[in-house]
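S.K.: would you be able to build a 3D model of this:
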Amino acid sequence: MSSQLEIQPRELKFVVELNKQSKCTVRLVNKTDQHLAFKVKTTSPKKYCVRPNVGVIQPKSVHEFVVIMQAIKTASVELACKDKFLVQSTIVPDGTLEEDITSEMFSKDGVKFVEDIKMRVNLVFKAPHSPESTTNEILKQADANVESQVINDDSKPVKDADVTPTQDVKSEKTKLMKIEPIDAVVSSVQKDVETEVTKDVEPMTRINEESKVIESRMSTDDEEQRLFRDVEEMKSKLHELESKLSKAEMTISNLTEDRRQVIQERESLKQEMDFLRTRKVERRVQDGFPLLFVCMVALFSLIAGYGFHP
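M.R.: Below you'll find the model as predicted:
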């Protein structure tokens, strides 16, 4: 059977920064004329959060879900990530809602078709913007400004009145080379470094606070999702128990009805047996009465014969 679902992209790519979450958006394209239900699974559920992880895609339409990777606190992470995702899809009837999707819909029982699509994870690490690199850039820029200033002083057109001795020019150059970097440039560089460091430190602290808040929210969301899954599983189990109880009640009612019918048949048979027994006795009485009557008549005729004999 051809693929009923198209995934874009087929590989999850996360740009990783320390102490910062990263996310990736995935598009699901329903290529069929029927409604498709999907479910997203991962080998590392504590590391990723999928929103939403289940849903229904309309025919010939597109549905999106977002995968959020938790913030990484240390740089000791392998570049070749072994985490994997699995997207399952199956055909559902029209009118199916997201709340109606259960794990039993994606069980492969041999009757319905369940498509499995695997996705890999690719991590791209981004170099952090450290205050040291900012300081080095500022020092390099300051050195370049000093050199350009000295070169500009050398290249200025000088009047004849100003060019008296060459030693004065050399002394002025050495003053510029010695005094400018030490006094003005160093102080400006220190001020720039301090401002840059404070600018970089404040966003980092703010980012850390925001990441902690987001982590707490994500943990609560994960707990809510787990609770929702547990409640759904309990509902499905209760539904199964109710169906089994209804079947048991039906079988008990059928057995009681059969027993009642057997008792009735037994009573009717007993009544028929009694009736047959009474009919048999009556028949015996009817069969024996004419013989007795004949005997009595014969006896009376003999007595009468002897009485009338001379």
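
S.K.: grab the nearest non-local neighbour of Gln8.
M.R.: Arg27 (4.5 Å; CB to CB, 6 or more residues apart in numbering). Backbone N, C-alpha and C define where each C-beta goes, glycine included.

S.K.: mind listing what's buried in the strand or helix carrying that neighbour?
M.R.: Secondary structure assignment for Arg27, by DSSP states H and E: strand 22-30. For strand 22-30, burial by neighbour count (16 or more other CB atoms under 10 Å) applies to Ser22, Cys24, Val26, Leu28, Asn30.

S.K.: can you check stretch 229-237 too?
M.R.: For stretch 229-237, using 16+ other CB under 10 Å, no residue counts as buried.

S.K.: CA-only coordinates of it, as CSV, when you get a sec.
M.R.: Output of stretch 229-237 as CSV, limited to C-alpha atoms (Å, rounded to 0.1, in the frame of the first residue of the first chain):
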residue,chain,number,x,y,z
ARG,A,229,-2.7,9.8,29.1
ASP,A,230,-3.3,8.0,32.4
VAL,A,231,-6.9,9.2,32.5
GLU,A,232,-7.4,8.2,28.9
GLU,A,233,-6.0,4.7,29.7
MET,A,234,-8.2,4.4,32.8
LYS,A,235,-11.2,5.4,30.7
SER,A,236,-10.5,2.8,28.1
LYS,A,237,-10.0,0.1,30.8
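
S.K.: so what touches that stretch?
M.R.: Contact with stretch 229-237 is made by Thr102, Ser103, Glu104, as judged by CB atoms under 8 Å, 6 or more residues apart in numbering.

S.K.: for that stretch, what is the average pLDDT?
M.R.: For stretch 229-237, the mean pLDDT works out to 88.

S.K.: what about Ile91, is that helix, strand or coil?
M.R.: With DSSP: H, G, I helix; E, B strand; the rest coil as the basis, Ile91 sits in strand.

S.K.: got a list of what it touches?
M.R.: Gln4, Thr32, Gln34, His35, Leu36, Ala37, Lys112, Phe113 are the contacts of Ile91 under CB under 8 Å, 6+ apart.

S.K.: the residues you listed, buried ones only, as a ChimeraX selection?
M.R.: In ChimeraX, this line selects whichever of these come out buried by 16+ other CB under 10 Å:
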select :4,35,36,37
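
S.K.: in the protein, which strand has the most residues?
M.R.: strand 114-125 (DSSP state E).

S.K.: what comes up buried for it?
M.R.: Within strand 114-125, the residues scored as buried using 16+ other CB under 10 Å are Glu115, Ile117, Met119, Val121, Leu123.

S.K.: partners of that strand, with directions?
M.R.: Partners of strand 114-125 in the sheet, by DSSP bridges, are strand 11-16 (parallel), strand 84-92 (antiparallel).
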